[in-house]
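>>> Attaching a predicted model along with its sequence, questions to come.
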Amino acid sequence: MVVNLFDFQSGTDKTTDKTKDNTVVYSVGELNHYVHDVINNDPLLQGVWVRGEISNLTNHGSGHKYFTLKDVNSQLSCVMFRSSCRNLAFVPEAGMKVLAFGDIDVYEVRGNYQLVATALKPDGVGELHKALEILKKRLAAQGLFDQVHKKTLPVFPRRIGVATSPTGAVLHDIINVSKRRFPVDILLSPTVVQGENAIKSIVTSIERLNRTNVDVIILARGGGSLEDLWPFNSEEVAMAIFNSIIPVVSSIGHETDFTIADLTADVRAPTPSAAAELVVPDREDVKKQIDTNRSRLITSVRSMIDYQSNHLMHLEKIVDGARFISNLNQHTQRVDELGSRMRQIAERNLDKHKKMLEFSVGRLNAVSPLNTLKRGYSITMMDEQVVKSIDQVKKGDALEIRIIDGKIISNVLKTEEDI
């Protein structure tokens, strides 16, 4: 009995052929599609963990990663699509031993079966350290750890932003230390600090706090294993800290723990309580500083007064009062004398210029048209123009004759030319 494999697939076109002896022949696509469905319907091949070493790694421009997992005897083709790559907490490198989680599938175009990985993590603490060192070197080359980029913490912050878990002891430690030291407002951004959603949550909290009016941000979590602290070793968190406009103080794990977040932060504190102590001033220290400054100010003012008093006494001893008054009188008299001389000089100059002005006025009057009119002369004008020749007028033109006390309007009867 011959069974059509594709009878098990509803809605699939059957394009099989039969030979003369009734042998069923399938196309390559049909067979690959059947194998694809068989594998996809096998629960043992879905959601599997695979251990191996990465080789032939290709970071495609689309954001997908193509690589091979291999052990001593075998190898397995793998693909990790961009949506899953975004959740990676480390940068995969060739030669790195990893644990890959995903589904076995068939790439029908080539007939290859492969692991479609949705999660990837280093296999063991050694591989975690290896991945961490690789990322450290790359971020250091980009300048994320350079001291020149570190921002200064405010001396007296009014509001502190805290990115941490709302249920852990870390938040209570920060609140208790802050209350004991100085009254400040604390704004909590609830943050997932462990697990697969931690990276996105940490980045979101830092960005959210940057949109508030906090003066400084504390990024904190309690102790844990390297795996527990791994989200704080991610490139995404490092970039969020580096791009923060507000200064960031990191306190991740215990004093011996050191993450990439600590290297990127503006200040690193060994514990969350120490972070609160770094950020919040101690009221007793502030009072002592105020008292010290007050004492220094009083001492400085008194010293200045004493110095000026001694200087005044010294001047009183070296200055002869009677001689000072005599010199003052001499200078006063000299000022009066110079004032009198200046007035005399000014009066002479004024008289001189007055005579020059009168002389100039006389000369102007001598040639003034008004004086000519006084002597009986007149000025004949037509159309606002002075008539100087009979050629300018003709019989019937209206003339304006100006004399000393007015003007006469007349018409030309005739013109006669002098012989």
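Looks like it came in fine.
>>> could you pull out the helices for the protein?
Under the criterion DSSP state H, the chain contains helices at 28-40, 82-85, 125-141, 169-181, 198-209, 235-242, 260-264, 272-279, 283-318, 321-366, 369-374.
>>> and the shortest one, how far from the chain's centre?
Relative to the chain's own centre, helix 82-85 is displaced by 30 Å; criterion: C-alpha atoms, centre = their mean, to the nearest Å.
>>> do the first one as well
Mean C-alpha position of helix 28-40 versus that of the full chain (C-alpha atoms, centre = their mean) differs by 55 Å.
>>> residues of that helix that come out buried?
Judged by neighbour count using 16 or more other C-beta atoms under 10 Å, the buried positions of helix 28-40 are Glu30, Asn32, His33, Tyr34, His36, Asp37, Ile39. Glycine gets a C-beta too; all of them are placed from N, C-alpha and C.
>>> Same check on the fifth one?
Applying a neighbour-count criterion of 16+ other C-beta under 10 Å, the buried positions in helix 198-209 are Ala198, Ile199, Lys200, Ser201, Ile202, Val203, Thr204, Ser205, Ile206, Leu209.
>>> Please name every helix or strand in contact with that helix.
strand 159-164, strand 185-190, strand 216-221, helix 235-242 (3 or more C-beta pairs under 8 Å, 6 or more residues apart in numbering; DSSP states H and E).
>>> Just send the buried residues of helix 28-40 back as CSV, with pLDDT and distance to Lys130 too.
Converted to CSV, the buried residues of helix 28-40 look like this (pLDDT from 0 to 100; distance: C-beta to C-beta, whole Å):
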residue, pLDDT, distance to Lys130
Glu30, 83, 45
Asn32, 82, 38
His33, 85, 41
Tyr34, 85, 42
His36, 83, 36
Asp37, 85, 39
Ile39, 83, 33
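>>> Not counting its neighbours along the chain, what's nearest the most centrally placed residue in the chain?
Nearest to the mean C-alpha position of the chain, by C-alpha atoms, centre = their mean, lies Ile245 at 6.9 Å. In space, and not counting its chain neighbours, Ile245 is closest to Asn210: 5.6 Å by C-beta to C-beta, 6 or more residues apart in numbering.
>>> Repeat that for Asp42.
Asp42 sits nearest to Ile104 (C-beta to C-beta, 6+ apart), 7.9 Å away.
>>> Hmm, that neighbour is touching Leu45, no?
Yes. Here Ile104 lies in contact with Leu45, judged by C-beta atoms under 8 Å, at a distance of 3.9 Å.
>>> pLDDT below threshold where in the protein?
1-21, 124-128, 255-257, 368, 370-373, 419 (pLDDT under 70).
>>> Next, Val412: phi, psi?
Backbone geometry at Val412, expressed as degrees, to the nearest 10, gives phi -80, psi 120.
>>> these two touch, right, it and Leu399?
Yes. Counting by C-beta under 8 Å, Val412 does reach Leu399; the two are 6.4 Å apart.
>>> list residues touching both of the two?
Val393 (C-beta atoms under 8 Å, 6 or more residues apart in numbering).
>>> Please report phi then psi for Ser74.
phi -140, psi 170.
>>> if I pick it, what's in contact with it?
Contacts of Ser74 by C-beta under 8 Å, 6+ apart: none found.
>>> any idea how far it is from Arg51?
12 Å (C-beta to C-beta, to the nearest Å).
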